[in-house]
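Peer 1: Predicted coordinates and the sequence they were generated for:
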Amino acid sequence: MKKVFFILLFVITTYNLFSNDDLAMADSIKTESETIASDTNHVKEIKFAELTKSPFGAIARSLIVPGWGQIYVETYWKAPIFFSGAATLSYLIYKNHNDFVDFQKQLNKIADKKSLEYYYMKNKRENARDNRDMAGFYLLGVYLISSIDAYVGAHLYDFSVTDDFSMAVLPNQYGGLSLNISFKK
């Protein structure tokens, strides 16, 4: 219970560390402009795009709790997948570690080290250890994939998907099919 309380306290206190409220509330890319005078006294304006979602904030959130970064970049459907994967693997690590400790205790109680029971218990102990270690590697993979997905999602958050380019296969007047490609400016 204390661990859950401290994890919750940590998440609550670090939430503001990674938030960027003035950027998160924007609907589109903000631009800053800078005026530069060239040699011929022509004035050029250069615009710099600023992301509305912080990639570092998305990665940090995903490393704290898998799925939190996906909520931050507003891909809500991915969050329960990453969170449930991490929760399931954490449970498997806990269960297999407890099984490993129990089998080790039972193994220590066996007096005859060359008996069939000793080898059977030793195999069960090693199987529990292997399962625990594999679940740990898979959990690391969930954290890694969640972080990469949140990072990419933060970069693509402002990407505009419009209907400027479309392609359709339509029937033509001769009874065949024609490919219709349109591009709007």
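Peer 2: Received the coordinates, thanks. Residues are numbered from 1 along each chain as shown.

Peer 1: how about the strands in the protein?
Peer 2: For the chain, the strands defined by DSSP state E occupy 30-37, 43-50, 165-171, 177-183.

Peer 1: With respect to those, which exhibits the lowest mean confidence?
Peer 2: Mean pLDDT values for the strands of the chain show the minimum at strand 30-37, a mean of 50.

Peer 1: Quick one: low-confidence residue ranges for this structure.
Peer 2: Scanning the chain for pLDDT under 70 picks out 1-49, 163, 185.

Peer 1: quick one: buried residues of stretch 154-162?
Peer 2: Residues of stretch 154-162 classed as buried: 154, 157-158 (neighbour count, 16 or more other Cβ atoms under 10 Å). Every C-beta, even on glycine, is put in place using the N, C-alpha and C of the backbone.

Peer 1: where's the residue nearest to Ile93 when sequence neighbours are not counted relative to Leu116, distance?
Peer 2: Distances taken as Cβ to Cβ, 6 or more residues apart in numbering place Ala135 nearest to Ile93, at 4.7 Å, with adjacent residues excluded. Separation of Ala135 from Leu116 (Cβ to Cβ, to the nearest Å) stands at 29 Å.

Peer 1: mind listing what the residue most central in space within the chain touches?
Peer 2: Residue closest to the average C-alpha location in the chain (Cα atoms, centre = their mean): Ser146, at 1.7 Å. Residues counted as contacts of Ser146 (Cβ atoms under 8 Å, 6 or more residues apart in numbering) are 62, 66-67, 69-70, 82, 86.
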